[in-house]
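1. Would you be able to build a 3D model of this:
(one chain, ligands or ions: 1)
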Amino acid sequence: MKPKFTICRLGAQKKAQNVDEIITKSVLQDICKRLTHQEKYDIDWVEERINGKMFTFETDNTKYYITYTLNRVGGRNSYLQSVPTAFGIFINDALYNTKKSLFCLYFTHHNGNNQTRYHQFIYRLLKSIGVCFINSDEELKGLNVQPYDNVKDLISDREFNTIHNNYNQSSYITDEGSYYHVYGKTFGANQKETTMLCLALCGISDKPIRLFQISDNDSKYLSDTDIDAIKTYATKFSKVGIEILDDTYEFEDDNEQVPIKTDPQSSLRSPRFILNLLEKTGGHKSCSLCQCEIESIIQGAHIYPVQAIKQQTDLSFEERLKMATDKNNGIWLCENHHKLFDRGLIRFENGKLKIMPKLNDNDKEFVNTISTIQAIDQNYFTSKMAEYFKKRDDFYRSEKYY
Ligand SMILES: [Zn+2]
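-> A predicted model of the protein is given here:
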């Protein structure tokens, strides 16, 4: 059979350029030549709507699902925005194919730099999930894109991008010891990035993954296509699996990051609190009192405790939730410092560490020795935090913890 393109003319293309303007005759010729070394092909234009920027190309033994870059490189997301949705359609469709199925990216001609560190990071994510680049020799001249083979490299590349491009991330990955946690935003371009990241993680992680979908601009969940794509991909390619949760799961307490399903109307220990803290510190976790950076033992500690917030029945649920997830109501502490803080053995005054008199001299000395910082970093200390510390002190006194 002659190789055949099947292209839907309607659909998501309406906002961007018209599909015929992007998928021109010369683009189709180029694709056909590169994939089959032949010049002749058929086209089936379908007057149907498709939910992503994608078309297919079939030969005797292979079905190619082809998505493409948008002409403008523009902001960090627009150039490759078509990929996650198209990949979702591919991965769910490919399950039922008897032919070999391949997902490909075609680089259309572009203006601007498509090789920033950020673009390179996304290319590596795509390579990690097996995306085939059709014409990268021409459009990514000289760039050798390698897939990630471990999570550490992926996280450090991502951190580089955050520090140097100074943008708020769409999602954060933390190492919780026996799990990786992904705190992912769910709106617009953020959800696309969250999806790409989760797909890549599924393929390379040696620990099970928990994705917390964090509501963002009234969007609570990733799209169904994205969730299906992650689940299907994980079933096929992940050794470890992924749990997809939302932010009405609550953590048992600050110390144990074990999510439990609760009534959304009572859930105050939301993973949103952790995301807000991560956002405040640029994704970086280190103990506020000793600079310990062993991620799996650094915890988000509430200043004004959730237990106290729960008792404030004079406030509406929304007001309490806001307090419980406020980035000003938390600090990172290692397990040692967190326990000392929770038990009321240390407290803060104007952001400075105070060791409580009930400890004996030896123990005071010990706490002094392990607390190499003794005060909260001025860059993060706010008057709002000072208020929460005061509320904490009042609560601890009334409960006779001090
Ligand atoms: Zn510490």
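
2. rest of the way, CA atoms for contacts and neighbours
-> Will do.

3. wait, what's in contact with the residue at minimal distance from the centre of the chain?
-> Centroid-nearest residue in the chain, with CA atoms, centre = their mean: Ser171, separated by 2.7 Å. Counting by CA atoms under 8 Å, 6 or more residues apart in numbering, Ser171 touches 182-185, 190, 193-194.

4. Return the subset of these lying in strands.
-> Using DSSP state E, the members of these that fall in strands are 182-185.

5. Make a PyMOL selection of the buried ones in those residues.
-> Entered in PyMOL, the line below selects the buried ones among the ones in strands among the contacts of Ser171, by 16 or more other CA atoms under 10 Å:
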select buried, resi 182+183+184+185
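
6. Tabulate the ones in strands among the contacts of Ser171 in CSV, adding columns for pLDDT.
-> Output for the ones in strands among the contacts of Ser171, formatted as CSV (pLDDT from 0 to 100):
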residue, pLDDT
Val182, 95
Tyr183, 94
Gly184, 93
Lys185, 91
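
7. closest to Gly112 among the ones in strands among the contacts of Ser171?
-> Using CA to CA, Lys185 comes nearest to Gly112 of those, at 27.6 Å.

8. can you pull the contacts of the closest residue to that closest one other than its chain neighbours?
-> Once flanking residues are discounted, Lys185 sits nearest to Ile214: 5.0 Å by CA to CA, 6 or more residues apart in numbering. By CA under 8 Å, 6+ apart, the contact set of Ile214 is 183-186, 220-221, 246-247, 271-272.

9. can you check Pro3 too?
-> 32, 40-42, 57-60.

10. and those, which of them are in strands?
-> Among the contacts of Pro3, the ones falling in strands (DSSP E) are 42, 57-58.

11. Apart from its chain neighbours, what residue comes closest to the residue nearest to the centre of the chain?
-> Nearest one to Ser171, counting by CA to CA, 6+ apart, is Gly184 at 4.2 Å.

12. The one you found contacts Leu197, correct?
-> No. Judged on CA atoms under 8 Å, Gly184 makes no contact with Leu197 at a distance of 9.3 Å.

13. In the stretch 251-400 of the chain, what residue spans correspond to strands?
-> Ranges of strands within the stretch 251-400 of the chain are 259-261, 298-302, 330-334, 346-349, 352-355, based on DSSP state E, counting those that start in this stretch.

14. Need those in JSON lines (columns: mean neighbour count, distance to the ion and mean pLDDT).
-> As requested, those are arranged in JSON lines below (neighbours: other CA atoms under 10 Å; distance: least, CA to the ion, whole Å; pLDDT from 0 to 100):
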{"stretch": "strand 259-261", "mean neighbour count": "15", "distance to the ion": "24", "mean pLDDT": "79"}
{"stretch": "strand 298-302", "mean neighbour count": "26", "distance to the ion": "8", "mean pLDDT": "96"}
{"stretch": "strand 330-334", "mean neighbour count": "25", "distance to the ion": "4", "mean pLDDT": "97"}
{"stretch": "strand 346-349", "mean neighbour count": "18", "distance to the ion": "12", "mean pLDDT": "96"}
{"stretch": "strand 352-355", "mean neighbour count": "16", "distance to the ion": "12", "mean pLDDT": "97"}
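
15. Using the record's assignment, carve this structure into domains.
-> The record's domain parsing of the chain by automatic domain parsing lists 4-145, 148-246, 280-402.

16. So which of those has the densest surroundings on average?
-> Neighbour counts (mean count of other CA atoms under 10 Å) averaged over each of these peak at domain 148-246, with a mean of 19.

17. Quick one: name the residues of the stretch 201-350 of the chain near the ion.
-> Residues of the stretch 201-350 of the chain found near the ion (CA under 5 Å from the ion) are 287, 289-290, 334, 337.

18. Now do the helices for the stretch 251-400 of the chain: every range, in order, please.
-> Ranges of helices in the stretch 251-400 of the chain, per DSSP state H, counting those that start in this stretch, are 271-280, 306-311, 317-325, 335-342, 361-370, 383-398.

19. out of the ones in strands among the contacts of Pro3, who's nearest the ion?
-> Phe57 (56.7 Å; CA to the ion).

20. who's in contact with the residue nearest to the closest one when sequence neighbours are not counted?
-> Excluding the flanking residues, the one nearest Phe57 by CA to CA, 6+ apart is Phe5, at 4.4 Å. By CA under 8 Å, 6+ apart, the contact set of Phe5 is 41-44, 55-58.

21. 10 Å - rerun?
-> Contacts for Phe5 (CA atoms under 10 Å, 6 or more residues apart in numbering) come out as 28, 32, 41-45, 55-59, 63-66.

22. Helix, strand, or coil at Glu48?
-> strand (DSSP: H, G, I helix; E, B strand; the rest coil).

23. That one and Cys8 touch, don't they?
-> Yes. Counting by CA atoms under 10 Å, Glu48 does reach Cys8; the two are 5.4 Å apart.

24. coming back round to it: from the contacts of Pro3, pick the one nearest Leu105.
-> Distances from Leu105 to the contacts of Pro3, taken by CA to CA, are shortest for Phe57, at 12.4 Å.

25. which residues does the closest one bridge with?
-> Counting by DSSP bridges, Phe57 is bridged to Phe5, Tyr64.

26. For it, report the pLDDT, please.
-> Looking at Phe57, its pLDDT is 97.

27. Can you give me every residue that contacts it?
-> The contact partners of Phe57, taken as CA under 10 Å, 6+ apart, are 3-7, 28, 31-32, 35, 41-44, 63-66, 102.

28. Let me know whether Thr174 touches Val182 as I believe.
-> Yes. If you go by CA under 10 Å, Thr174 and Val182 touch, sitting 6.5 Å apart.

29. Right, and the ion sits closest to which residue of the stretch 1-150 of the chain?
-> Asn150 (27.9 Å).

30. Spit out the contact partners of the closest residue to that residue other than its chain neighbours.
-> Excluding the flanking residues, the one nearest Asn150 by CA to CA, 6+ apart is Ile204, at 5.6 Å. By CA under 10 Å, 6+ apart, Ile204 lies in contact with 128-129, 147-151, 154, 237-240.

31. just Cys290 next, same as before
-> Cys290 neighbours (CA under 10 Å, 6+ apart): 333-334, 336-337, 369-375.
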